[in-house]
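>>> could you look at this predicted model? Sequence included:
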Amino acid sequence: MRCFWFSQNDKRAPSTRYRGLFLLEELRRKRGVSAFFAFPSYKPWNIARFVIVYLLAYLTACERDVVVIQKVMSNRIYARLLLLLVRTTRARTIYDLDDAEYLRYSDRFINRFVTLCDTVVVGSEDLGRYVAPRNPNWRHITSGIIAHGVLKTEKEKIFTIGWIGFYDDHQNNLETLVFPALKSLDLPFRLVVLGVRRDQDEVNLRNQFDHSPQVQLEIPRDLDWLSEKSIYQRVRRFDVGLAPLVDGEHTRSKSAFKAKQYLSCGVPVLASSVGENPKFVRDGVNGFLCDHPEVYRKRLIEMIQMPHELYQAMSDAALASFGEFSLASVAAKFYSVATEPVRQNLSVSCETAEHGSFHLNVSSKLRFEDPDLRAPLSEH
């Protein structure tokens, strides 16, 4: 099998690495899949790579192959060429979506890909509920974590509370649910925040704890996000990992990626019961579910004061859950989806002078003319 993977972003985007490049490498090693990867770029060598991969897929892809469109949502030439490929190829087509991008951007092209692709793979059940009315052939596959082998061995001398992610995207979650709990603690602890990208955000974050002498705040900025081992070396220093989410339509689509990162190192988790978090964080087993600052405060005190034997049991349980979201297990599920018989679904918009427009689902591999291929280009 050959897999032609067309992403919205390059390897700097976490979803491109974890749901794309790492997955393709696992499929190559374990299943012998030949992988071809491309993304939109104005750099000549990237344009050349896209042209080569695209023409290879357009001219040679057959029923044994798969074309994956990952998170593409714009209406520029890149997306339009991919729409043409999806409509004409004999290969199985998959649209991969791991975030509620339709809430932040125009959903026009997202819905076109969702409707036209043979299968839609989503990162959460909530995304599946969005996709289902547009394409019943959807599968839930969580984002997998690589087998990095970086494990927690013992609690830190100063109890360490950690968080990882893009701080500017999650500031509200932290300030609403976690920071009030941290400021109210009387016990000394270290707080490590990985993912502050802007100077002003660091200043604001330090100001948050100016009057909290019990907090030893660390904000490392020298992170190499493309070095997986170095990132997990930092995560394993956490004694507990935080994954707060304020309940909302966007956060309910989250795939619990932070929680899975912590658990993969054997770090217990305090997480909100929003999105996919409850699927991986077992309350009282490998962490605790918390939906209010007071609950975060209570559980943090419990974790700080927890006897060694109980903490070790929770850490062991965290590590034991790795098989549920390991890259190996995720790749096996993806391969199964990519090779299962296709149940064709095609949505055709029809118009009549008498009854206006209506929507009809038909089973066919035929591809009809798509007006989006001729619509004017714009920024998104």
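Right, received. Where do you want to start?

>>> next, the contact list for Glu25, please.
Under the criterion of CB atoms under 8 Å, 6 or more residues apart in numbering, the contact partners of Glu25 comprise Ala35. The C-beta positions use only the backbone N, C-alpha and C, and glycine is treated the same way.

>>> work out for me the element it sits within.
Assigning secondary structure by DSSP states H and E places Glu25 in helix 22-31.

>>> equivalent analysis for Asn172, please.
helix 167-173.

>>> quick revisit: moving C-terminal of the helix holding Glu25, what's the next helix or strand?
Toward the C-terminus, helix 22-31 is succeeded by strand 34-38 as the next helix or strand (DSSP H and E).

>>> need the distance between the two termini of stretch 248-268.
Here the two ends of stretch 248-268 are set 24 Å apart, with distance taken as CA to CA, to the nearest Å.

>>> now the helix holding Glu25 - C-alpha only, CSV.
Provided in CSV are the C-alpha atoms of helix 22-31 (Å, rounded to 0.1, in the frame of the first residue of the first chain):
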residue,chain,number,x,y,z
PHE,A,22,5.2,9.8,13.2
LEU,A,23,2.2,7.7,12.0
LEU,A,24,3.6,7.3,8.5
GLU,A,25,7.0,6.2,9.9
GLU,A,26,5.3,3.6,12.1
LEU,A,27,3.3,2.3,9.1
ARG,A,28,6.5,2.2,7.1
ARG,A,29,8.4,0.2,9.7
LYS,A,30,5.6,-2.2,10.8
ARG,A,31,3.4,-2.5,7.7
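
>>> what's the spacing between it and its chain's center?
On the basis of CA atoms, centre = their mean, to the nearest Å, the separation between the geometric centre of helix 22-31 and that of its chain is 18 Å.

>>> ok, back up a step: and the helix or strand following the helix holding Asn172, what other elements does it pack with?
In the C-terminal direction, the helix or strand that comes right after helix 167-173 (DSSP H and E) is helix 179-184. Using 3 or more CB pairs under 8 Å, 6 or more residues apart in numbering; DSSP states H and E as the contact criterion, the elements in contact with helix 179-184 are helix 293-305.

>>> hmm, back to that, name the surrounding residues that touch the helix holding Asn172.
The contact list for helix 167-173, computed with CB under 8 Å, 6+ apart, reads 163, 174, 193, 195-198, 201, 205, 244-246, 251, 272.

>>> repeat for stretch 104-111
Outside stretch 104-111, the residues touching it (CB under 8 Å, 6+ apart) are 72-75, 79, 83, 97, 101-102, 134, 250, 372, 380.

>>> now, the residues you listed that are in helices?
Secondary-structure check on the contacts of stretch 104-111 using DSSP state H: residues within helices are 79, 83.

>>> just the buried members of the contacts of stretch 104-111?
The neighbour count (16 or more other CB atoms under 10 Å) marks 72-75, 79, 83, 97, 101-102, 134, 250 as buried among the contacts of stretch 104-111.

>>> so what's Arg134 closest to, chain neighbours aside?
Taking CB to CB, 6 or more residues apart in numbering as the measure, Arg134 lies nearest to Val114, with 4.7 Å between them; neighbours along the chain are not counted.

>>> Tyr95 is in contact with that neighbour, correct?
Yes - using CB atoms under 8 Å, Val114 and Tyr95 qualify as a contacting pair, with a distance of 5.7 Å.

>>> compare those two (neighbour count), which wins?
Counting neighbours by other CB atoms under 10 Å for Val114 and for Tyr95 shows that Tyr95 has the greater number, 27 against 23.

>>> could you say which helix or strand holds the more buried one?
Assessed by DSSP H and E, Tyr95 sits inside strand 92-97.

>>> which secondary structure elements does that strand contact?
Judged by 3+ CB pairs under 8 Å, 6+ apart, the packing partners of strand 92-97 are strand 66-70, helix 108-116, strand 119-122, helix 327-339.

>>> who does that strand pair up with?
Taking DSSP bridges as the criterion, strand 92-97 pairs within the sheet with strand 66-70 (parallel), strand 119-122 (parallel).

>>> how about CSV for these, with mean pLDDT, distance to Ser329 and mean neighbour count added?
Conversion of these to CSV gives the following (pLDDT from 0 to 100; distance: least, CB to CB, whole Å; neighbours: other CB atoms under 10 Å):
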stretch, mean pLDDT, distance to Ser329, mean neighbour count
strand 66-70, 98, 19, 26
strand 119-122, 98, 15, 24
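
>>> what sits against Trp67?
Slight slip there: residue 67 is Val, not Trp. Counting by CB under 8 Å, 6+ apart, Val67 touches 4, 6, 57, 61, 85-86, 89, 91-94.

>>> can you do 10 Å?
When the contact criterion is CB atoms under 10 Å, 6 or more residues apart in numbering, the partners of Val67 are 2-6, 36, 54, 57-58, 61, 82, 85-86, 89-95, 117-118.

>>> in whichever strand or helix holds Tyr311, which residues are buried?
Using DSSP H and E, Tyr311 sits in helix 308-320. By neighbour count on 16+ other CB under 10 Å, the buried set for helix 308-320 is 311, 314-315, 317-319.

>>> from those, pick the one nearest Thr153.
Of all these, Thr153 sits closest to Ser315, with 9.1 Å by CB to CB.

>>> separation between that closest one and Val193?
Computed as CB to CB, to the nearest Å, the Ser315 to Val193 distance reads 21 Å.

>>> list phi and psi for Arg197.
Comment: the main-chain dihedrals of Arg197 come out as phi -110, psi -20, following degrees, to the nearest 10.

>>> quick check: it vs Gln312, distance?
Noted for Arg197: a distance of 35 Å to Gln312, by CB to CB.

>>> quick one: the strands in the stretch 201-350 of the chain?
Taking DSSP state E, counting those that start in this stretch as the criterion, the stretch 201-350 of the chain contains strands spanning 215-218, 240-243, 269-271, 287-289, 346-352.
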